[in-house]
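In: A structural model of the following input is requested.
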Amino acid sequence: MEVQNEENCSPWWTLYVDGAVNSKGAGAGVVLLSPEGHRLQSAIHFDFYVTNNDAEYEALIAGLKLALEMKVENLNNYSDSVLVVWHIRGGFQDRGPRIDLYIRYSQELMKKFKEVHLEQIPRSENSNANALAKLGSEKEVTLLGFIPSEVQ
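Out: Residues are numbered from 1 along each chain as shown. As a prediction, the model looks like this:
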């Protein structure tokens, strides 16, 4: 958790994101935690072709948009995708125009926060977002029950 300085005393929210592509389809999982511990979670089904990396970016973008809708100013963001995290940080070379668009759009969204941190975590520490991403990849989204679901 980040230490708040005097200039930036807004509370910190936490975001976990993950994407999944399998034989059933593609989806994303988003878990947004408020400073008080309230949990907003979403499973997203993609009704268009995406690669695994695309799904990871779509999850990040969906999570950032949710945080912005909630008027979050400070955000700790976690993903288990090494590629996405290092692309956003500028550590890996782009792999074509499609990924470049994802990188630029993600970075533009991140600029809208007062402060945002993006960290790569092991998959074992991202299990809730991972489970939601797998649920989102299901073609029959009504199976999700009480979890908010979306089709893009």
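
In: from now on I want contacts and neighbour counts done on CA atoms only, so please keep to that.
Out: Noted.

In: looking at this protein, which helix is longest?
Out: Assignment by DSSP state H gives helix 52-69 as the longest helix of the chain.

In: for the very next helix or strand once past it, name the packing helices and strands.
Out: Using DSSP states H and E, the next helix or strand after helix 52-69 towards the C-terminus is strand 74-79. In terms of contacts (3 or more CA pairs under 8 Å, 6 or more residues apart in numbering; DSSP states H and E), strand 74-79 is packed against strand 12-22, strand 115-120.

In: just want the angle from the first one to helix 52-69.
Out: With axes from the mean of the first three to the mean of the last three CA atoms, to 10 degrees applied, the angle from strand 12-22 to helix 52-69 works out at 150 degrees.

In: give the partner strands of strand 12-22 in its sheet and their orientations.
Out: Taking DSSP bridges as the criterion, strand 12-22 pairs within the sheet with strand 25-33 (antiparallel), strand 74-79 (parallel).

In: buried residues, that strand. List them.
Out: By 16 or more other CA atoms under 10 Å, the buried positions in strand 12-22 come out as Trp12, Trp13, Thr14, Leu15, Tyr16, Val17, Asp18, Gly19, Ala20, Val21.

In: model confidence over it, on average?
Out: Strand 12-22 shows a mean pLDDT of 97.

In: got the helices and strands packed on strand 74-79 as TSV, with distance to Gln93 columns?
Out: Output for the helices and strands packed on strand 74-79, formatted as TSV (distance: least, CA to CA, whole Å):
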stretch	distance to Gln93
strand 12-22	21
strand 115-120	17
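
In: sorry, back to before: can I get the strands paired with strand 12-22 in TSV with mean neighbour count and mean pLDDT?
Out: Conversion of those to TSV gives the following (neighbours: other CA atoms under 10 Å; pLDDT from 0 to 100):
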stretch	mean neighbour count	mean pLDDT
strand 25-33	27	95
strand 74-79	23	98
